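Q: coordinates only, sequence not included:
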């Protein structure tokens, strides 16, 4: 069950409204690297968590935090849109960055939302929930969360570098710090689950005798001329999961050209295929 | 540039065609955990890779491999669909698992593809390319790849456990092994990039002085009663990136209730909002 | 800012796990009539609300409630999936409703989520945020909310009628009641905004002199034979917004066949079009 | 069955082609507030209408009208695109609003459609039919239609305020008037179905004894500090459906923390979860 | 402008309602091979047609026909759904094809539409308007229409073969005949535009001197071993557009390995990439 | 199975990086007319091909070629993005075409991909695999391929006309030539399958006695006034498939107004519908 106090987790202040930056901020709301994604992902992971309940609680707490981040960013978008013109006549004097404001704005922020935020990315594409990874495997979930917070922090850094508004920079410094923590937090959960040598290969519950072990630690090359693929940590030394040693070799086909045979009558194929 | 030899990377053999299993296999083709995703993800990461070119080549080789995996799975889907009825009359005798085959089939494999594979998941939802994560940051990309191969191996394990066809089990044992390697391979790339203490927080090029360091390593609680959130490796000890120590505390709002003021005239709001 | 206490708003109890009903319940999570939709819709309406702040607070409170409803339903889905088979061998004995369980299940609940809920509808289609209506006009938002709760209650009633599990029926009776309140609640907000005669036509801030008033209250017919369209409350008497009287007439074209002229050279048209 | 006369319902005239306004107009074609949505929604509601056939005919007539509105808008888009440059060289002299035209254009109107309209919104996102609400419940359908025409009129008003082209203003005044009528028309249908006290709660066929009536008319608060949520018409007085009186109270969890137990073996979870 | 007479273009009769066949029919409504697609495609092609106006009129007439086909199919879906159970208790006796009806039904036809048709395909995926091809080039549009009617007729044939209901077979025989005509009709339009030798390569307005003519009629092989690709009409003889002769050869890379250089500072890359 | 040599099929050279042109090029990568589409379409057609195996090999070879085209275009996008500013400060001096660069850029190329290509179109909409047509009918597939290469060449021509960069023009001249060949190549395959008179109507395996032959070659008019629709090659002379002669006539409804009757109790309808 969830509660609110209607307040912002961190102050949101815009000194010079910039509708173009509003469009950029939309990515942090409704982009695949954004806050809707992590909020909903942590919730669904929590609601499907089996085993030690501490992971459920950990996930729900951070999900609640992320809801507050969407709120901050939505407020920031609305404040940045204050400067957008509502008519072609207003347009002339409204230009903050040297181009036509209406050209650069996400037009639906005006036409659909009346100068407010939307659950879309910076190109106006709505967020879709296929990006919520909740696998029923706690280690895979944590790995997905590290990835989400990594791309999330990259996005926040790019937004921070893009703007020159002091209020916006302050808000983004806060969000960047939270992404630092969240990367570390989910890595810490993986460590608690055994780290590289205990948790991998994911899922660690599948007995490795039931995989084709000739290929479990071989880096395979697919160079056209049969040459060795690029060498590195992945082609020699102990495997990261500690279960074997890496090797490397060019791959050759082990199967033949497949033949599906003739089409069935009544299957809608051409007569030539029957 | 890419080439083909028209052959299968590994033999694909189906002893007892099962249209329901064909539907399940579709998830490994067009699901978010599937092979189209990794093939295209590794390509786009390669084509946007800046810095040491070995990562580009590494990615392209494994992308080529994954194309061959889609091919294997598409062949397996078509072979499993051999048993599907094409008319209500055929239906009665075609039931392999005790229920009506047409109920369980992905009907578009019949209606749209004529008993062949499609780039959709096991519910018939087409794969969409928003799932291709290629961030322009090599460490984030590698982290995304570990995640992709983790959910990929979970899926392959679930498919392996679901089927009782020996040919299908053999194919899946091969794919599980390759996912083992690929998880290790991308983890190895992260190690080469500095591992937890060198690569994190991602992006490592952003100076941490430019984040709000009061919040960079604090696990924040959002329990309704202000109590401590669940403790664990994430709330004490050295941070995983090695840059500080974890702490933990309940969070309180630092901002006020936001006020967007009145709506602008001509903005399509109600009169009461102006 | 948001908080959690990790508990359920209302008890969720499943006496006889039914994976087919789990699939049906998914519609109430990730369907367009479902709870993700209302939770996110009320949030975005709140975050874009201008004018009297009480609407912001009203919306946030109910948004928080809806988050708890997703939680209840996600728990119900996971509990109903307990009965799903994980292999073809299990399948035979697992059938609760006379057909093959795997035929009827949403297969991704097994393959992608490991027997847990997902943010998808009962056909496995992920919820997408284009369904979040937050228009920047408080009356239109309230109207959208009445609609959402109407289709929401219809769905809950259909689910209630579908199941025969006492625990599930109890949970749904609670959700149906909440939908009753929420329909009334948003209608009450419209009343507070002036009701039919004060709030309509939406937006009420646009002066009706600036619309083509010959057509503002005329029910137009498009019957092929030029006959009168079906008559009713919409074709006579005072208009519902109280501003005029309804009339009715067949429509005839006021414009000519449009002519876009020739295509421009270099526009990629055929030579014949230039 | 449908017919055409190839003519426009209302004249479409553009004095000064403005490719940026073409992009804005796309929202009225393929946006969720647009004309494709209402045309298709009214059709599917008609085709699923059970009970009194007059609603079917009413819906089909207005659906036919909306098809003509798409036609008008598509023509307006094509005429506004006349001013768009087809090469970087043309670009310099083609700028109507002080910025670079190609920056502000929806580039697919040029690249995919050769300076014609597309069934996409003003950000280029294609309309998708999940927005067609046809519930099988006539009152819910009418409520959805009021909502659609409310957001539709808001959009038309915003477009009207945005443009300074006399021809475009005239066309939009016509469309605004039609939206006025259509809001009233669907409200009239609700009145004919019993109005607030007869039609609500939707569906009115579900006996209210079969809902948890302790919660049917209570406005519940989810403030973090347990305080009362904002009061208004929704918290006191007779309910809008006339069936009871509103009350108000803070909500507390009635359920416990859910526990899904251990994961099943063979479910692809981590060993720690089994 | 469009009109209706509320009648069906062809009688729709269902002798034995079959909810599973209702699901199959959905593909002909909202699938990519379905009737919404052609109706909307022909409209948008008409509205963007430049040059000889007869193509606009031709397209609008056939668009009007296709609207009537959606209507027929939607009626057929609703009639077939009459047999679907609304509760688990009804389920037992409702089974027409030997399996559990609810397993095979598209569940949203019940839960969202109350036993009516929806604008979705047979897997419940909503039609999306990105499938409307209207290129601004009349020959490409006609080619797209031949393709649409080809896949449309294949689908109708598969549906015809699937059902054993006499009424449904009659309806489908009508639709198959119309697809025969429409394939021929669009091919006839291409003939009128010059046929293979006049209309191709599309667009025929681009001077072939402005393409790299060394590669305009060469069938290139990408076999891994450098061998010749499969020979056929495409590798020898006069080209179909009549402008040259086919040849065939294995391809070799003409470019080098690309090098994007180092990442820019402030671009969110890892330090190692800068 | 697939291989790579890491090299470009054709040199990619950008003299004057233009971020706006990068956005335009995205259409050729992730647009419906783009290279991902053809690459994946040819693969899935190959993997589902039944009958003569030469079509499988033909398709795989050209699929491999198209993968190399995506690679070329992705490289071109990254090189054109070199000129994009990463901060508002940079913005002022970065403008290549007279407007603000950030206004015209696809912002996700910066925010999500760090100045690299993405699998999205020029409006930032991700490619989705529903556009992969692989019908199980070889003639329909070839027809779909002609269409894809027709819209592909139109797009390449428009891009060629848009840019003034010599390197980009050279790359596009190459791609235009390949589209010329591919149009011819798939037309040649149709010729080999019997041409218009042998392959049509598709599927040619359905006996025409099993269609309603009164309507197989009649061009039907849907003019509101019952007048003849536009005449042309489609209304007289021998049908293109050679099986009959065209005729033409206005259409009248053959069915009545449909009546779905009353709604079922428990179906969630209003009481008035029962």
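A: Sure thing, it's come through. Bear in mind that the values here come from a model prediction, so they are computed numbers and not experimental data.
Q: only C-alpha atoms for contact and neighbour calcs from this point on.
A: Will do.
Q: the stretch 101-250 of chain A against chain E: which residues are in contact?
A: Within the stretch 101-250 of chain A, the positions adjacent to chain E are A:154-155, A:157-158, A:161, A:224 by Cα under 8 Å from any Cα of the partner chain.
Q: buried ones in the worst-scoring helix or strand of chain A on mean pLDDT?
A: Within chain A, no helix or strand scores below helix A:88-91, which has a mean of 78 by mean pLDDT, DSSP states H and E. For helix A:88-91, the buried set under the neighbour-count rule, 16 or more other Cα atoms under 10 Å in any protein chain shown, comprises A:88, A:91.
Q: picking that back up, which of the residues of the stretch 101-250 of chain A next to chain E fall in helices?
A: Assignment to helices by DSSP state H places the following of those there: A:154-155, A:157-158, A:161.
Q: burial count for the residue of the stretch 1-150 of chain A found nearest chain F?
A: When distances are taken as Cα to the nearest Cα, the stretch 1-150 of chain A approaches chain F most closely through residue A:104, which lies 3.8 Å from it. Residue A:104 is surrounded by 25 other residues when neighbours are defined as other Cα atoms under 10 Å in any protein chain shown.
Q: residue contacts, it?
A: By Cα atoms under 8 Å, 6 or more residues apart in numbering or on different chains, the contact list for residue A:104 reads A:19-20, A:23, D:103-104, F:102-104.
Q: narrow those residues to those that are buried.
A: A:19-20, A:23, D:103-104, F:102-104.
Q: could you dump the residues you listed into TSV and include pLDDT?
A: Rendered in TSV, the data for these read as follows (pLDDT from 0 to 100):
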residue	pLDDT
A:19	92
A:20	92
A:23	96
D:103	83
D:104	84
F:102	83
F:103	83
F:104	84
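Q: which residues of chain A fall in helices?
A: Using DSSP H, the helices of chain A run over A:19-30, A:35-47, A:54-81, A:88-91, A:101-104, A:107-111, A:138-162, A:166-192, A:195-199.
Q: which one of these has the poorest average confidence?
A: Of all those, the minimum mean pLDDT falls on helix A:88-91 (a mean of 78).
Q: hmm, who's touching that helix?
A: When contacts are taken as Cα under 8 Å, 6+ apart, the neighbours of helix A:88-91 outside the stretch itself are A:85, A:100-102, D:97, D:162-164.
Q: for chain D, what are the nearby residues on the stretch 51-200 of chain A?
A: If contacts are counted using Cα under 8 Å from any Cα, the residues of the stretch 51-200 of chain A sitting beside chain D are A:51-53, A:86-89, A:91-92, A:99-100, A:102-104, A:106-108, A:111-112, A:123-125, A:136-139, A:193, A:199.
Q: just the buried members of those?
A: Buried positions within these, assessed by neighbour count (16+ other Cα under 10 Å), are A:51, A:53, A:86-88, A:91, A:99-100, A:102-104, A:106-108, A:111-112, A:123-125, A:136-139, A:193, A:199.
Q: need the residues of chain A near chain F, please.
A: Contact residues (Cα under 8 Å from any Cα) of chain A with chain F: A:20, A:24, A:27, A:33, A:97-101, A:103-105, A:122-123, A:125, A:155, A:158-159, A:161-164, A:222-225, A:253, A:259-263, A:266, A:268-274.
Q: filter those residues down to the ones in strands?
A: Judged by DSSP state E, the residues of chain A next to chain F include no members of strands.
Q: are any of those residues buried, and if so which?
A: The neighbour-count test (16+ other Cα under 10 Å) marks A:20, A:24, A:27, A:33, A:97-101, A:103-105, A:122-123, A:125, A:155, A:158-159, A:161-164, A:222-224, A:253, A:259-260, A:263, A:266, A:268-274 as buried among the residues of chain A next to chain F.
Q: for residue A:165, give me its contacts.
A: For residue A:165, the contacting residues are A:14-16, by Cα under 8 Å, 6+ apart.
Q: same thing but at 10 Å, please
A: Shown here is residue A:165, whose contacts under the criterion Cα atoms under 10 Å, 6 or more residues apart in numbering or on different chains are A:13-18, A:21, F:88.
Q: ok, it to residue C:190 distance?
A: 39 Å (Cα to Cα, to the nearest Å).
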